[in-house]
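A.B. asks: I'd like to go over a predicted model; first the sequence, then the structure.
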Amino acid sequence: MTLLFAGCLFGIAPAMNQGSTWVGILTGVLLWYVSEYTTHRFLFHAPPPKNKWLLRLLNRLHYAHHELPNELHLLFLPVWYSIPNFFIVWLLAYAVTHSSILSFSVVAGGVGCLLYYEWVHFVAHRPIKPRTPWGKWMKKYHLWHHYKNENFWFGVTNPGMDKIMGTYEDEKHVELSSTARKLL
């Protein structure tokens, strides 16, 4: 993912002084934060499908992570999942803008957010003590989702979409769920 990010930055470097490039990056950032929440809530927490292939897919992408939240190999989104998604984002951005530089700008914003997401998620599940108040709070926030109730706190890097969508709640007012660790 770092190579993809570097490639996007290299592709947009000649146009970094143009405002539209920064609008593209910001668009990618906003799209990422909306997709982080919607994918986590509506795809990764979807009821287990009857189709065995889809069940295996969702198990690898998220169900197994809830069962074994500290397993390193289950912490990161697989490249085989992320790369095609960013290719689709590039195609959609190109269909709208007809500009490869703007399309790479949108992808650069999204990939930058993915790298931040992976770091925050890694820190949340590993014995690492965040240094900032924000980092400490986000670690607690994400772990409530895993250990208290899987129906709240879907944002991994920020609570914004949870507040907008009504899945943010004061942790003291949420009951312990018996299925937080077992989504299947």
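C.D. replies: Here it is on my side, so go on.

A.B. asks: Give me the pLDDT value at the spatially most central residue of the chain.
C.D. replies: For the chain, the residue nearest the mean C-alpha position is Glu36 (3.7 Å; Cα atoms, centre = their mean). Per-residue pLDDT puts Glu36 at 97.

A.B. asks: and it, what is it in contact with?
C.D. replies: By Cβ atoms under 8 Å, 6 or more residues apart in numbering, the contact list for Glu36 reads 113, 117, 155-157, 161. From N, CA and C alone the C-beta is placed, and that goes for glycine too.

A.B. asks: Please apply the same query to Leu72.
C.D. replies: Arg126 are the contacts of Leu72 under Cβ under 8 Å, 6+ apart.

A.B. asks: Same question for Tyr63.
C.D. replies: Per Cβ under 8 Å, 6+ apart, neighbours of Tyr63: 44, 48, 183-184.

A.B. asks: try 6 Å this time
C.D. replies: Residues in contact with Tyr63, defined by Cβ atoms under 6 Å, 6 or more residues apart in numbering, are 183-184.

A.B. asks: same check, this time on Leu55
C.D. replies: Taking Cβ under 6 Å, 6+ apart, one finds 48-49 in contact with Leu55.

A.B. asks: After the helix or strand of the chain with the lowest mean pLDDT, which helix or strand is next?
C.D. replies: Least confident helix or strand, the chain: helix 2-12 with a mean of 65, by mean pLDDT, DSSP states H and E. For helix 2-12, the following helix or strand on the C-terminal side (DSSP states H and E) is helix 19-38.

A.B. asks: what's the spacing between the residue lying closest to Ser105 once chain neighbours are set aside and Thr97?
C.D. replies: When the adjacent residues along the chain are set aside, Ser105 lies closest to Gly24, with 2.7 Å between them (Cβ to Cβ, 6 or more residues apart in numbering). If you measure Gly24 against Thr97 using Cβ to Cβ, to the nearest Å, the figure is 8 Å.

A.B. asks: can you check Thr39 too?
C.D. replies: From Thr39 to Thr97 the distance is 23 Å (Cβ to Cβ).

A.B. asks: can you check Lys52 too?
C.D. replies: On the measure of Cβ to Cβ, Lys52 and Thr97 end up 40 Å apart.

A.B. asks: Out of the two, name the residue with the larger neighbour count.
C.D. replies: Thr97 (16 against 8; other Cβ atoms under 10 Å).

A.B. asks: confidence score at that one?
C.D. replies: 95.

A.B. asks: ok, back up a step: doesn't Leu102 make contact with the residue nearest to Ser105?
C.D. replies: Yes. Using Cβ atoms under 6 Å, Gly24 makes contact with Leu102 at a distance of 4.5 Å.
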